[in-house]
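S.K.: pasting the structure only:
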């Protein structure tokens, strides 16, 4: 089951970590004595360490996957074809050994009156295959405003506000919600609520905005929240036609980078001059700033990537844990940019919607996480070596590895 859900190298422990990380099981479920006993026995057979108490909230042992809540999560995450394959491979009738004393006792009792059997016709269900997809960068606060939703609207509310026609598959979404506007930074409770929806949180400041002292303090305090997975977006944006603003952006970036936490991904916003769609100058300038402050092993996401093969080579040579995230911009890429897309190593490729931006079709009011497959389709067509499904599954794994 772990391999079916998370990939061929996944282990039962990986599956436990995945369920705990995204809080797929509601808190408060209690274990019965018989369940604890079964998990204890399985742990000893498999050679796993046995905790004092098996805990569903902590997912503190692979044996907890035996619990029916864990099994339900796994079954819901797999497409019907995979479930059918698992049934045909592993399902078998296990003969029951009944002690002779029990047989004698039952036989000596008076047989009960026969009960008429009712034939129940169950409706046939046509399950659509489920594809896991990871939107590595979108703005919940800005999308709320675009759709005129409540300031507390959830990602589920957003999805309902942007209905899509039925497809041949169902997207099981997760991803990263990016907050880069100080006026709409989330509270600790907001962050917890998003985790329950399978979305991680990143805190940053858009380079077009220079933080005031109180805003800077709020930003630094949020960075210390353990659940904040991303530092950003931060960076430089040369679409602003003011050399003085470019200088202030670089000074702000330099002052913020020392505060990144060891577990956080550095999410960079890099935009070049308006007449330079590849942003080559800006990517190299930001590279010079970042390498002054960031260790070689730092995990980095180049958000909304639009650069060239040279940019990819330079960043990976210095920072091998750099990931390149493609948005709806990819639909309008030049030949130079399309060649860059093909050159991105498969294990460093990400997708994002950057919602509410980069409208994928006039039929929708704005972009949204569950429209990520539109970007995946363009990437599949450009690369030529991956199907739509493979692009989504690959970038889902990459997103989980990065964050």
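M.R.: Here it is on my side, so go on. These figures come from a predicted structure and were not determined experimentally.

S.K.: Spell out the residue ranges of the helices in the stretch 201-350 of the chain.
M.R.: 213-223, 243-256, 280-293, 309-318, 335-343 (DSSP state H, counting those that start in this stretch).

S.K.: Turn those into JSON lines, including mean neighbour count, distance to residue 75 and mean pLDDT.
M.R.: Every C-beta, even on glycine, is put in place using the N, C-alpha and C of the backbone. JSON lines is the format used below for those (neighbours: other Cβ atoms under 10 Å; distance: least, Cβ to Cβ, whole Å; pLDDT from 0 to 100):
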{"stretch": "helix 213-223", "mean neighbour count": "14", "distance to residue 75": "37", "mean pLDDT": "97"}
{"stretch": "helix 243-256", "mean neighbour count": "15", "distance to residue 75": "44", "mean pLDDT": "95"}
{"stretch": "helix 280-293", "mean neighbour count": "17", "distance to residue 75": "44", "mean pLDDT": "96"}
{"stretch": "helix 309-318", "mean neighbour count": "17", "distance to residue 75": "39", "mean pLDDT": "98"}
{"stretch": "helix 335-343", "mean neighbour count": "15", "distance to residue 75": "36", "mean pLDDT": "98"}
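
S.K.: need those in TSV with distance to residue 383, can you?
M.R.: Formatted as TSV, the helices of the stretch 201-350 of the chain follow (distance: least, Cβ to Cβ, whole Å):
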stretch	distance to residue 383
helix 213-223	35
helix 243-256	32
helix 280-293	21
helix 309-318	14
helix 335-343	6
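
S.K.: Determine which of those approaches residue 164 most closely.
M.R.: helix 335-343 (24.8 Å; Cβ to Cβ).

S.K.: Counting by contacts, list what the closest one packs against.
M.R.: helix 309-318, helix 372-383 (3 or more Cβ pairs under 8 Å, 6 or more residues apart in numbering; DSSP states H and E).

S.K.: So what touches the very next helix or strand once past the longest one?
M.R.: Per DSSP states H and E, helix 372-383 leads on to helix 388-402 as the next helix or strand towards the C-terminus. When contacts are defined by Cβ atoms under 8 Å, 6 or more residues apart in numbering, helix 388-402 is touched by residues 6-7, 18, 131-134, 136, 169, 171, 174-176, 265, 299, 301, 323, 346-351, 372-373, 376-377, 379-380, 383, 386.

S.K.: just the buried members of those?
M.R.: Buried by 16 or more other Cβ atoms under 10 Å: 6-7, 18, 131-134, 136, 169, 171, 174-176, 265, 299, 301, 323, 348-351, 372-373, 376-377, 379-380, 383, 386, out of these.

S.K.: Could you measure from residue 19 over to residue 34?
M.R.: Relative to residue 34, residue 19 is positioned 22 Å away (Cβ to Cβ, to the nearest Å).

S.K.: With neighbour numbers in mind, choose between these two.
M.R.: Using other Cβ atoms under 10 Å, the more surrounded residue of residue 19 and residue 34 is residue 19, with 21 against 8.

S.K.: what's near enough to touch the more buried one?
M.R.: For residue 19, the contacting residues are 25, 59, 70, 73, by Cβ under 8 Å, 6+ apart.

S.K.: Mind putting those residues into JSON lines with secondary structure?
M.R.: Output for those, formatted as JSON lines (DSSP: H, G, I helix; E, B strand; the rest coil):
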{"residue": "25", "secondary structure": "coil"}
{"residue": "59", "secondary structure": "coil"}
{"residue": "70", "secondary structure": "helix"}
{"residue": "73", "secondary structure": "helix"}
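
S.K.: Out of those residues, which is nearest to residue 11?
M.R.: When the contacts of residue 19 are compared against residue 11 (criterion: Cβ to Cβ), the nearest one is residue 59, at 13.1 Å.

S.K.: Now do that closest one: how many residues are near it, please.
M.R.: 23.

S.K.: Tell me the confidence at it?
M.R.: At residue 59, the model reports a pLDDT of 86.

S.K.: for it, phi and psi?
M.R.: Main-chain torsions, residue 59, degrees, to the nearest 10: phi 50, psi 50.

S.K.: Equivalent analysis for residue 65, please.
M.R.: According to degrees, to the nearest 10, residue 65 has phi -60, psi -10.

S.K.: thought it was touching residue 75?
M.R.: No - taking contacts as Cβ atoms under 8 Å, residue 65 lies outside contact range of residue 75: 11.8 Å.

S.K.: These two: which has the busier surroundings?
M.R.: A side-by-side neighbour count of residue 65 and residue 75, using other Cβ under 10 Å, places residue 65 first with 21 against 14.

S.K.: Next one: the more buried one from residue 77, what distance?
M.R.: Between residue 65 and residue 77 the computed distance is 13 Å (Cβ to Cβ).

S.K.: Equivalent analysis for residue 168, please.
M.R.: Residue 168 is 18 Å from residue 77, by Cβ to Cβ.

S.K.: just residue 29 next, same as before
M.R.: Residue 29 sits 18 Å away from residue 77, going by Cβ to Cβ.

S.K.: Quick check on the two: which one has the bigger neighbour count.
M.R.: Between residue 29 and residue 77, counted using other Cβ under 10 Å, residue 77 has the larger neighbour count: 19 against 13.

S.K.: For that one, give its distance to residue 2.
M.R.: For residue 77, the distance to residue 2 - Cβ to Cβ - is 11 Å.

S.K.: Show me the shaky parts of this protein.
M.R.: 3-10, 21-22, 78-127 (pLDDT under 70).

S.K.: and it, what are its domains?
M.R.: Per automatic domain parsing, the structural domains of the chain span 2-86, 130-402.

S.K.: which of those domains is buried the deepest?
M.R.: Per-stretch averages of neighbours, counted by mean count of other Cβ atoms under 10 Å, single out domain 130-402 among those, with a mean of 18.

S.K.: now for the contacts of residue 19, which pair is the farthest apart?
M.R.: Farthest pair in the contacts of residue 19, by Cβ to Cβ: 59 and 73, 10.6 Å.

S.K.: what do the two both touch?
M.R.: Common neighbours of residue 59 and residue 73 (Cβ under 8 Å, 6+ apart) are 19, 25.

S.K.: residues making contact with stretch 38-55?
M.R.: Outside stretch 38-55, the residues touching it (Cβ under 8 Å, 6+ apart) are 31, 35, 36, 60, 61, 62, 63, 64, 66, 67.

S.K.: hmm, 10 Å instead?
M.R.: Under the contact criterion Cβ atoms under 10 Å, 6 or more residues apart in numbering, stretch 38-55 has outside partners 12-13, 20, 29, 31-32, 35-37, 58, 60-67.

S.K.: Kind regards, and thank you for your time.
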